[in-house]
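Following is a predicted model, sequence given first.
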Amino acid sequence: MQKTGSGEQDLYLYHLENGAFVNATKRSLSDLAWAYFHGRPDTRKMKLDYHIAANLVKGVEDAYRDLGASWPANRYLVISLSGEMDKHPKNVAVKGLADWRCRYDLKTGTFDVPEMFAKGNAEALTWEIRR
């Protein structure tokens with residue numbers, strides 16, 4: 001996680017090459033996760049305007065066993081995406097996305113959404129705060 005200015009932050013992935021850390025991906029991990037999110041049929045139309053965040057979910061050290069995962073150690077990263085919409089129905093104060101999760105495979109460089117995230121992701125897509 002790196003600060004990019006004015007309170008914003010971004011996720012970057014590095015690897016060790018010839019004794020120095022270098023970017024492991026051409027784009028930030030945050031940008032890649034958001035591109036994956038917007039490329040899915042169920043989330044493609046969701047336009048978030050502000051408070052957009054991508055965060056690494058705690059649990060990498062134990063291969064996300066606390067989440068109930070039985071994945072190989074050091075293979076996956078779980079990323080949580082959140083944000084809010086400016087244009088929303090009049091009876092809703094804020095509508096957006098809260099804690100939508102995807103998994104990044106460090107071996108293949110691809111994203112997916114494991115079945116264990118399905119219910120939480122469906123709830124994350126309907127997040128709203130009423131006034």
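It's in.

Which elements pack onto the longest helix anywhere in the chain?
Longest helix in the chain, counting residues (DSSP state H): helix 29-39. Applying 3 or more CB pairs under 8 Å, 6 or more residues apart in numbering; DSSP states H and E, we find helix 29-39 packed against strand 50-56, strand 76-85, strand 94-105, strand 110-112. From N, CA and C alone the C-beta is placed, and that goes for glycine too.

got the end-to-end distance for stretch 64-80?
13 Å (CA to CA, to the nearest Å).

can you give me how far that stretch is from the chain middle?
14 Å (CA atoms, centre = their mean, to the nearest Å).

can you list the residues that contact that stretch?
11, 13, 29-30, 33, 53-60, 63, 99-107, 114, 116 (CB atoms under 8 Å, 6 or more residues apart in numbering).

lowest average confidence, helix or strand, in the protein?
strand 127-129 (a mean of 55; mean pLDDT, DSSP states H and E).

coming back round to it: residues of the longest helix of the chain that come out buried?
29-30, 32-34, 36-37 (16 or more other CB atoms under 10 Å).

Equivalent analysis for stretch 45-60, please.
Applying 16+ other CB under 10 Å to stretch 45-60 flags 46, 48, 53-57 as buried.
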